[in-house]
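S.K.: Structure for the following, please:
(one chain, ligands or ions: 1)
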Amino acid sequence: EERSVICAGCGVKIQSEAKDKLGYAPMTALEREVIICQRCFRLTHYNEVQDVSLTDDDFLKILNGLGQKKALIVKVVDIFDFTGSWLPGLHRFVGGNDVLLVGNKVDLLPKSLSHNRLINWMKKSSKELGLKPIDVMLMSAEKGIGIEEVASEIDRLRKGQDVYVVGCTNVGKSTFINKIIETFSGDTEQLITTSHFPGTTLDMIDIPLDDGRALYDTPGIINHHQMAHYIDKQELKVITPKKEIKPMVYQLNAGQTLFFGGLGRFDFVKGERTSFTCYCSNELHIHRTKQEKADDLYQNHLGELLTPPGPKSKESLPPLMKHTFHIKDKKVDIVFSGLGWVTVNGTNIDVEGYAPKGVNVTIRESII
Ligand code: GDP
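M.R.: Numbering: from 1, shown residues only. Model prediction:
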């Protein structure tokens, strides 16, 4: 049997296969006398937190633990993939604790979008998803927008208690925590430590607050419905927007189809000529075709004309599944989880959205 090596910093089992998983250390680090995982290494040498992903089981344990503490919970979601990054179970576990909901990556949305409207939309959507946050805020952790506001709101709402920051992987939680550290602690040397969460093998980043309390960074949970699991890193870069999204407007007649690379498909099935506005990464190629030709096109050109996926990742891409929607008269978004959405403003319209099996296609009241 293989002997397992334990991180001297946080006690997790060391592994060298998966960079983004708990306990990762490169092979070279294993030759050192004192072996620590990459996360602890970065933390102690650079005061920089790195997100690691968590098994569902460990996440449940953390959630269960949160309800038993008196703390402020800060839940970070990705505005570009709101439901995809939501963490559905959270409200059942927070106990009597307040939740501050923070929408990150606001820099991706068109500047013309009213933040108030977006915040109201988030409040309403949260309620529908079973959570009643004490406040809802927007920020861009990467661009440094709204960080100070969020920080002072955290300080106000925590009422002298500890703070736990939760979120699924890729919402920008580490970027946020690192910004907080950068902004608010002058000399961070030796300031940050890790602490063990009871009942799990997990360490949490423990950032001391000035009254003896701490802000804890919990590991991120993997969201199994994210498109990210079906394509490679390079392709993920294409579908992940990096700057303000330039909406693309298509005037379509019934019987026309839009392909988003080969990862999403939108069919306008029935209704008067209508304009459809697509919000996705500016680098993602949208291909317009006739609905009657769409199946053949997909069959013959997936991985080349319709890319991403590339020729390799297309082999393991699950088949596209169809989701049918009827739009009566409200302005709605058809959301392709992780990819973006199509805003539909018309009456009595039938549309179909396709995504790889396992990735959600949903309808929501328009965000914009
Ligand atoms: P974590 O897994 O939640 O810790 O997320 P990271 O902090 O590692 O960020 C995930 C990805 O989102 C990275 O590529 C970041 O550069 C990006 N990111 C984080 N914050 C923002 C933001 O405010 N705006 C944009 N556009 N990207 C962001």
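
S.K.: And stretch 247-261, what's buried?
M.R.: 247-248, 250, 252, 254, 256-261 (16 or more other Cβ atoms under 10 Å). The C-beta positions use only the backbone N, C-alpha and C, and glycine is treated the same way.

S.K.: Stretch 177-185 too?
M.R.: 177-181, 184.

S.K.: closest to the ligand among the buried residues of stretch 247-261?
M.R.: Nearest to the ligand among the buried residues of stretch 247-261: residue 247, at 16.2 Å, using Cβ to the nearest ligand atom.

S.K.: got the contact list for that closest one?
M.R.: 110, 277-279, 343 (Cβ atoms under 8 Å, 6 or more residues apart in numbering).

S.K.: Buried ones among the residues you listed?
M.R.: The buried subset of the contacts of residue 247 - by 16+ other Cβ under 10 Å - is 277-279, 343.

S.K.: Could you tell me which of those residues are located in strands?
M.R.: 277-279, 343 (DSSP state E).

S.K.: related to what we said a few turns ago, kindly reformat the contacts of residue 247 as TSV and extend each row with pLDDT and distance to the ligand.
M.R.: Output for the contacts of residue 247, formatted as TSV (pLDDT from 0 to 100; distance: Cβ to the nearest ligand atom, whole Å):
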residue	pLDDT	distance to the ligand
110	90	13
277	97	20
278	98	18
279	97	14
343	97	20
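
S.K.: Just send the buried residues of stretch 177-185 back as TSV, with pLDDT, secondary structure and distance to the ligand too.
M.R.: Output for the buried residues of stretch 177-185, formatted as TSV (pLDDT from 0 to 100; DSSP: H, G, I helix; E, B strand; the rest coil; distance: Cβ to the nearest ligand atom, whole Å):
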residue	pLDDT	secondary structure	distance to the ligand
177	87	helix	8
178	84	helix	8
179	86	helix	9
180	84	helix	12
181	80	helix	13
184	65	helix	17
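
S.K.: List the beta-bridge partners for the residue of the stretch 201-350 of the chain found nearest the ligand.
M.R.: Closest residue of the stretch 201-350 of the chain to the ligand, Cβ to the nearest ligand atom: residue 220 (4.8 Å). Bridge pairing for residue 220 (DSSP bridges) gives the partners residue 53.

S.K.: and residue 58, how far is that from the ligand?
M.R.: Distance of residue 58 to the ligand, given as Cβ to the nearest ligand atom, to the nearest Å: 16 Å.

S.K.: Please spell out which residues along the helix ranked longest in the chain are buried.
M.R.: In the chain, taking DSSP state H as the definition, the longest helix is helix 115-128. For helix 115-128, a neighbour-count test (16+ other Cβ under 10 Å) marks 118-119, 121-123, 125-126 as buried.

S.K.: For the stretch 201-350 of the chain, give me the ranges with low pLDDT.
M.R.: For the stretch 201-350 of the chain, the stretches flagged by pLDDT under 70 are 201-203, 222-225.

S.K.: at 90 instead, please
M.R.: 201-234, 236-237, 316, 329-330, 337-338 (pLDDT under 90).

S.K.: Please apply the same query to the stretch 51-200 of the chain.
M.R.: By pLDDT under 90, the low-scoring segments of the stretch 51-200 of the chain are 51-69, 81, 83-96, 111-113, 167-170, 172-175, 177-200.
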